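Chemist: I need the structure of the sequence given here:
(2 chains)
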Number of protein chains: 2
Amino acid sequence: MTNVMTASPLSVPDEDGVDVAALGEVLLGQWAEVRLMARELAGRPELHKVEGLSHTEHRKRVYDQLGILVENNAVHRAFPSRLGGSNDPGGNVAGFEELVIADPSLQIKGGVQWGLFGSAVMHLGNQEHQDKWLPGIMSVEIPGCFAMTEIGHGSDVASIATTATYDPKTQEFVINTPFRAAWKEYIGNAAVDGLAAVVFAQLITKSVNHGVHAFYVELRDPTTKKFLPGVQGLDDNIKGGLNGIDNGRLAFNSVRIPRTNLLNRYGDVAVDGTYSSPIASPGRRFFTMLGTLVQGRVSLNGAAVAASKVGLKIAIQYATERRQFNAASDTEEVVLLDYQRHQRRLLPLLATTYAAAFAHEELLVKFDDVFSGAHDTDEDRQDLETLAAALKSLTTWHALDTLQECREACGGAGFMVENRLTSLRADLDVYATFEGDNTVLLQLVAKRLLGDYSKEFRNLDFGVLARFFAGQAADLTINKTGLRQVAQFVADSGSAQKSAKALKDADTQNQMLADRVQTMVAEVAGALREAAKLPKEKGAEVFNAHQNELIEAARAHAELLQWEAFTAALERVKDPGTKRVLTRLRDLFGLTLIEKHLDWYLMNGRISMQRARTLSPYINRILAKLRPHAVDLVDAFGYGPEHLRATIATGIERERQDEARDYYRELRASSHAPIDEKTLIQKAKAASKK
Amino acid sequence: MTNVMTASPLSVPDEDGVDVAALGEVLLGQWAEVRLMARELAGRPELHKVEGLSHTEHRKRVYDQLGILVENNAVHRAFPSRLGGSNDPGGNVAGFEELVIADPSLQIKGGVQWGLFGSAVMHLGNQEHQDKWLPGIMSVEIPGCFAMTEIGHGSDVASIATTATYDPKTQEFVINTPFRAAWKEYIGNAAVDGLAAVVFAQLITKSVNHGVHAFYVELRDPTTKKFLPGVQGLDDNIKGGLNGIDNGRLAFNSVRIPRTNLLNRYGDVAVDGTYSSPIASPGRRFFTMLGTLVQGRVSLNGAAVAASKVGLKIAIQYATERRQFNAASDTEEVVLLDYQRHQRRLLPLLATTYAAAFAHEELLVKFDDVFSGAHDTDEDRQDLETLAAALKSLTTWHALDTLQECREACGGAGFMVENRLTSLRADLDVYATFEGDNTVLLQLVAKRLLGDYSKEFRNLDFGVLARFFAGQAADLTINKTGLRQVAQFVADSGSAQKSAKALKDADTQNQMLADRVQTMVAEVAGALREAAKLPKEKGAEVFNAHQNELIEAARAHAELLQWEAFTAALERVKDPGTKRVLTRLRDLFGLTLIEKHLDWYLMNGRISMQRARTLSPYINRILAKLRPHAVDLVDAFGYGPEHLRATIATGIERERQDEARDYYRELRASSHAPIDEKTLIQKAKAASKK
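Modeler: Numbers count the residues shown, from 1 in each chain, chains lettered A, B, ... in the order given. This is a model prediction of the structure:
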């Protein structure tokens, strides 16, 4: 079903036509209904970002919007049903991530309130904590903070310096910020709205530090909104985006809280100061506590996919209407998307967005499996976290690349805020470094890959360089099942392929992508095996010398996961024409990955020079074949004008072009059209030759 | 001279130390004095961007800042000395581009007023025009617009639709906007301040269209600031950046201006309507008129270099202070920049910034040569334009990549507006598509490369697809001298290199980079030669099938130009230690280019698999060697705190880290330091084994 309104003359429906509605349903996935409800909500003007507000006005607006979400029962799905929720973790995230299309600030502010602050009380607290605080958190009567990050420790949570020291005399914890680097920083709701916070601090009792635990701390007087004694704050003020959120700093000067404010699910302190925990190992305990908060990464992944979809719909729509060089005298119908370079710029991003969308759906199912309790072993949790880390990093970077390319592909129009792209990009920017810096997340993935590759790397620790490894999963017994297994990758992809066309074969793509991951991991492992025998400092040096390869191996693994998810999703597409188009899009994804890493394939003897040279032209031919379906493929994302809110996506460019063409047509038909000087010169030349 | 304040323990001064001051002078280049004066000015608070202003407030502030520039005699260097200028085109641009560090809006608003509006009157008008309008333009008594771009025609100026039809009865031109796509769009000064405009329109007289000419048109009543009859305008409102500029749209409904308002240097209309021009060919005339405005691209190139320098100084300074994983118990001194990945992220960008800076200096000299009249042949002008197109596109993209990488490398701190990076990036974003869309500019460069390669391509025109070629230089006889000659490139770089280390040899780098350009151009030329024989439409298809390669060839050429400029600049460095470091930085630039295109070198048999595999580790070793000099290399840029204006570049991170370390040191020395639970467990295990 080619959209008649937007079809270019080149997009004549053929046997490979896309059934937009059916493909749309495949994309909506398991939580289709929740998504559609959330989109209905996100389409309402009162929830939209208003450009040009001061950050103060924007904060106020977003705060009020939280109330609208509550009124519409849009944000409580994850909470226990006894408190008005519906025990639906997957649906909750699916709904949440769609809010990014109303205003990313709203998505993140809601994420802070319910996804982090509320989740921490729910997952780290006991039933009493839940009953006491969750109702107020759910209704936003208690706006709250998730006070984990400190200025001095971005991604290294284990090393935070805030302390919570138990005082048995008063049965209180004393929360303290020992120095400036220990101030809680970038904390949403901290600058203005937060009445309370879940504060992460080193729990010290009886002179023993039991590691990071979470404490419920009141921050402000609910009436005066002034800080309570001992609490200090600073406003982070204006940021590169997300200015609807009041981020700020917090510090605690011997703030006393009741012993029972320790969220004590994984560690408790008795009245006399005796510490106890259901998890004996401090490392595993820390890992388990942090693991309950993985949903932040999951929902960022989904939001980044949604933003990429919006960007591509805007840019591809415009590209099928815009004529870059439409001389008045020309009747040719060539639009931007007919240019090879424009296809090169946008269509691989479209393919990657499909891959990211299908991979996100798998992540969401995995997340729901774990958090609904359906499949909730340690293994499942670790698989989930590795998957979330791998996908979140790739997808959030992809969203930035996509929005920037879309903005540039729309030229000056792309720069206007009314066309949405710059605003979305600015808001999404920080997704690449919050909830785990992408570079650090990829190193966590690499650690898992090494561990799966060989047992000896499971407790990898080369001193400070590898601290993020040690801090995360040192005590877990890692099992190979669950995640895609490196060991199962087929190493031999050197079988003869006559030309790039042979790469169209899905098994070949799979082999090549998988082989690359395995080989890269094996190579790094070989180097690190040597390092393990060296003195600690020297070992750290060797580790550092392979850090870049390690990260690239993790990226390769994440790309493979996306490719596999895309391929698996093809099974869910029933219409044969749609399936052919989508298979081609998957091929584009796979082949542009191989093209991106072509140097690797060449220098490792995985592809011959001759075959490699045919790859790029072959990709160009796929682009040309996909071009007629480009609008259908972005229409299947299902976003309407109320979600896009971009002037250039409304068909206005086509109207203007049509008006101009009509004008010239009439002018040429009339008697008063001026003659071009060039034409006169040519005529004169011709005449002089006679 | 290693900066003691900022030196990491690894940056112990060695024989390869950088003489920061001397290197700084090399970087300042030919217009050092002007640059230093401009930087002094750009350092003043009254010229700084204030974050968080509404776009209305920001516009007002920037408008007032223009007055400050005038008072300080900072912006009139290019104008004739008889009117108070100093006939110094090179110095003028050098000074202008430094204003970007005060506020990019100020740079661009000034660029609109003096660099475009004023330049058009100066270069396209006669002495009478200059005497009449330039004083008011120079003093900002007449804020004005440069009304060239139309909504329907971004980069295709030849096709603009606005008409200026001569009416001999009243001796007036009638300016008209025939349809909506012909509205002038994105015009600086149009929304609020502009009292007049240089309007580009198709000049029609005696029923002949003589092509695009420039007309001086009054827009608003100087007293009421209301539009004059027939003039319409719209406010472009908020943009992705540069919100200190009041961009807007303009349309003309039969607006009548005196015949003498035609800026008639290259084309005039007599009282009776007879057209005359000193340039017979309409194509060459158009090209000559547009060519006078190349300084916009030149100054964007310089501004992009300056912004990259500021970004790198901030991120590298922070990276030498920040410890990502500094456990309380650890005394190791590893900072971010000691990590291989962090070096990989920032140091190649630093090398490219040096290359871009040196290439810009060459561009500026060339520009000054042409516009001072010292070397001002058609050839010189075309070389200048090709060089400006090649460098502007690479450098503006580089600035965006650099600012983004710097922002991410600073984590959450990078996202705070107080650390400058996001704000600079947002403002620089549009540099990639204005004053010539980068993708279109690279195609202009490609056209020149093909023309130099073979005469048959000099009048390349495959229909609408190649219109930008036809529109630009169709009638010019292109001479091979002037620009780097493709024909002189040494094709044979296949000589045996035992390892990547051999690539350290400058000649080898040069050969490899040059060979790639030549081979790519030759390959595209071969394909297009076939296309020329085909029917027009089929030919256009073949052309389109090679568009991507063509653009990549142009990019490769621009990269080579940067490499050559960097290499030439090494000769200007006298201190041996500095020269060694800078040569290594040039090697890093050259080798990362080869690494980026390694697939090409491999699949074209220019490098063996074995050698290719040694390249990446070799680059990693260069990074490690450069790391101790990183701070010196950014300090040589010469920007002080008044230019950086980033909290994290002030040493605050080091202070916080020191405070934290001191705290833990004291705590460990005291009797009340808590013991880690992990330590207790280990002790217990050890005890149980006894």
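
Chemist: C-alpha from now on. contacts and neighbour counts both.
Modeler: OK.

Chemist: since we're on the closest residue to A:Ser393 other than its chain neighbours, how many residues are nearby?
Modeler: With sequence-adjacent residues excluded and distances taken as C-alpha to C-alpha, 6 or more residues apart in numbering or on different chains, A:Ser393 is closest to A:Asn438, at 4.6 Å. For A:Asn438, the neighbour count with other C-alpha atoms under 10 Å in any protein chain shown is 25.

Chemist: Check the gap between A:Asn438 and A:Ala624 for me.
Modeler: To A:Ala624, A:Asn438 is 34 Å away according to C-alpha to C-alpha, to the nearest Å.

Chemist: Contacts only, for A:Arg345.
Modeler: Residues counted as contacts of A:Arg345 (C-alpha atoms under 8 Å, 6 or more residues apart in numbering or on different chains) are A:Glu405, A:Ala409.

Chemist: What of A:Ala315?
Modeler: With C-alpha under 8 Å, 6+ apart, A:Ala315 has these contacts: A:Cys406, A:Arg407, A:Ala409, A:Cys410, A:Ala649.

Chemist: Regarding it, what is its secondary structure?
Modeler: helix (DSSP: H, G, I helix; E, B strand; the rest coil).

Chemist: what's the pLDDT at it?
Modeler: Looking at A:Ala315, its pLDDT stands at 98.

Chemist: Can you flag the buried ones in the contacts of A:Ala315?
Modeler: Buried by 16 or more other C-alpha atoms under 10 Å in any protein chain shown: A:Cys406, A:Arg407, A:Ala409, A:Cys410, A:Ala649, out of the contacts of A:Ala315.

Chemist: Let's see the pLDDT reported for the residue most central in space within chain A.
Modeler: Residue closest to the mean C-alpha point of chain A, counted by C-alpha atoms, centre = their mean, is A:Asn301 at 2.8 Å. The model reports A:Asn301 with a pLDDT of 98.

Chemist: Let me see the contact set for the residue nearest to it when sequence neighbours are not counted.
Modeler: Spatial nearest neighbour of A:Asn301, chain neighbours left out: A:Lys392 (4.8 Å); criterion: C-alpha to C-alpha, 6+ apart. By C-alpha under 8 Å, 6+ apart, the residues touching A:Lys392 are A:Arg297, A:Val298, A:Leu300, A:Asn301, A:Asn438.

Chemist: Could you let me know which of those ends up closest to A:Lys579?
Modeler: Nearest to A:Lys579 out of these is A:Asn301 (C-alpha to C-alpha; 25.3 Å).

Chemist: Pretty sure the residue nearest to A:Asn301 sits in a helix.
Modeler: Yes. Assessed by three-state DSSP, A:Lys392 belongs to a helix.

Chemist: can you give me the strands for the stretch 251-400 of chain A?
Modeler: Using DSSP state E, counting those that start in this stretch, the strands assigned to the stretch 251-400 of chain A run over residues A:255-258, A:268-269, A:275-276.

Chemist: Those: which one's closest to chain B?
Modeler: strand A:275-276 (10.3 Å; C-alpha to the nearest C-alpha).

Chemist: Parallel or antiparallel, list what pairs with the closest one.
Modeler: Partner strands and pairing direction for strand A:275-276 (DSSP bridges) are strand A:268-269 (antiparallel).

Chemist: How far away from the center of its chain is the strand it pairs with?
Modeler: Here the centre of strand A:268-269 is set off from its chain's centre by 36 Å, with C-alpha atoms, centre = their mean, to the nearest Å.

Chemist: Could you list the low-confidence segments of chain A?
Modeler: A:1-15, A:154-155, A:325-333, A:455-500, A:690 (pLDDT under 70).

Chemist: can you list the domain ranges for it.
Modeler: Per automatic domain parsing, the structural domains of chain A span A:146-283, A:438-635, A:651-689.

Chemist: Start and end of the longest one, how far apart?
Modeler: For domain A:438-635, the separation between the terminal residues is 30 Å (C-alpha to C-alpha).

Chemist: and the gap between A:Phe608 and chain B?
Modeler: One correction, residue A:608 is Ser, not Phe. 8 Å (C-alpha to the nearest C-alpha, to the nearest Å).

Chemist: cool, and A:Tyr318?
Modeler: 12 Å.

Chemist: Then A:Leu449?
Modeler: For A:Leu449, the distance to chain B - C-alpha to the nearest C-alpha - is 18 Å.

Chemist: Where does that residue sit, in terms of helix or strand?
Modeler: Assigned by DSSP states H and E, A:Leu449 falls within helix A:438-453.

Chemist: Off-centre distance for that helix?
Modeler: 18 Å.

Chemist: on contacts alone, who are the packing partners of that helix?
Modeler: helix A:378-409, helix A:467-473, helix A:506-532, helix A:547-570 (3 or more C-alpha pairs under 8 Å, 6 or more residues apart in numbering or on different chains; DSSP states H and E).

Chemist: export the helix or strand hosting A:His643 as PDB, just CAs?
Modeler: Per DSSP H and E, A:His643 falls inside helix A:641-644. Extracted in PDB, the C-alpha atoms of helix A:641-644 (Å, rounded to 0.1, in the frame of the first residue of the first chain):
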ATOM      1  CA  PRO A 641       1.100  14.800  12.800                       C
ATOM      2  CA  GLU A 642       0.400  15.200  16.500                       C
ATOM      3  CA  HIS A 643       3.600  13.300  17.200                       C
ATOM      4  CA  LEU A 644       5.800  14.600  14.400                       C
END
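
Chemist: What's the first helix or strand after that helix?
Modeler: Of the helices and strands lying after helix A:641-644 in sequence (DSSP H and E), the nearest is helix A:652-669.
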